[in-house]
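Undergrad: no letters, just coordinates:
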């Protein structure tokens, strides 16, 4: 499972996040998305830790905490939605049918 961190400063780096979350256990991975066009940090990140216990300790300690001038939103990340799937009517077997 991974942790979602929202309301981040646009000045934050992966090293900053790694240092803060390492206080609560082993950090496996830090993902800090950037805007494709500007390269600027998007204001949120994901952190994976070694164990669920360590993740929960980090969530409990950091959710609502002020860091770099911002109040953090820290919780378990929700599973990623499949952006390639379409819902609703009008398609059969994954293909679209047009009606004119």
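TA: Great, that's in hand. Source: prediction; values computed, not measured.

Undergrad: next, count neighbours for residue 65.
TA: Residue neighbour count, defined by other CB atoms under 10 Å, stands at 11 for residue 65. Any C-beta I mention is one placed from the backbone N, CA and C, and that applies to glycine too.

Undergrad: wait, a helix at residue 56?
TA: Yes - when DSSP: H, G, I helix; E, B strand; the rest coil is applied, residue 56 is found to be in a helix.

Undergrad: what's the burial count for it?
TA: Counted with other CB under 10 Å, residue 56 comes out at 16.

Undergrad: and it, how far from residue 75?
TA: As judged by CB to CB, to the nearest Å, residue 56 and residue 75 stand 10 Å apart.

Undergrad: next one: residue 63
TA: Distance of residue 63 to residue 75, computed by CB to CB: 6 Å.

Undergrad: among these two, which residue is more densely surrounded?
TA: With other CB under 10 Å as the criterion, residue 63 and residue 75 differ in neighbour count, and residue 63 comes out ahead with 15 against 12.

Undergrad: how far away is the closest residue to residue 13 other than its chain neighbours from residue 46?
TA: Sequence neighbours aside, residue 32 is the residue nearest to residue 13 in space, at 7.3 Å (criterion: CB to CB, 6 or more residues apart in numbering). The gap separating residue 32 from residue 46 is 8 Å, by CB to CB.

Undergrad: of these two, which one has the most company?
TA: Neighbour tally, residue 32 and residue 46, criterion other CB under 10 Å: the higher count belongs to residue 32, 20 against 16.
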